[in-house]
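J.: with the sequence up front, the predicted model follows.
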Amino acid sequence: LIYLPVSTYEGEMIECAVFQSSPFNRVRAHNLPPRTRYLNKLIDGAREFDLDPTYQDWLQGHPRMSLEERMGAEYYDTPSSRAVDQIGIVLVGAFLVWFLSKLV
């Protein structure tokens, strides 16, 4: 969670809390459409807080992944997932070395 200065429609500057993913959890691919459920939450919030109608229209027209679609591997390709893969490979290698040493 970070805090950023934001200008309201009336020009007043306020500080807002903003969620920002850790760099280790950000997907590597760009332009992936959000899940419909996530986008609907943004749309509901924009309506509830009476945000600019142009922004609400933009959200409504934003590409999205349908509820029936499954997220592909590109949605899980993050630096942390690659690190876990690397650790897994190292652990398997270490296990094989240990196992083979017991056979001798």
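T.: Right, received. Where do you want to start?
J.: quick check: Ile43 touching Asp57?
T.: No - if you go by Cβ atoms under 8 Å, Ile43 and Asp57 don't touch, sitting 10.1 Å apart. For glycine as for every other residue, the C-beta is placed from the backbone atoms N, C-alpha and C.
J.: neighbour-wise, which of the two wins?
T.: Using other Cβ atoms under 10 Å, the more surrounded residue of Ile43 and Asp57 is Ile43, with 15 against 11.
J.: nearest residue to the more buried one in space, ignoring adjacent ones along the chain?
T.: Leu59 (4.9 Å; Cβ to Cβ, 6 or more residues apart in numbering).
J.: quick one: contacts for the one you found?
T.: Neighbouring residues of Leu59 by Cβ atoms under 8 Å, 6 or more residues apart in numbering: 39, 42-43, 46.
J.: can you tell me how far it is from Trp98?
T.: For Leu59, the distance to Trp98 (Cβ to Cβ, to the nearest Å) stands at 54 Å.
J.: now do Gln56
T.: 59 Å.
J.: of those two, who's got more company?
T.: Gln56 (15 against 9).
J.: give the contact list for that one.
T.: So Gln56 contacts 43, 46-47 (Cβ under 8 Å, 6+ apart).
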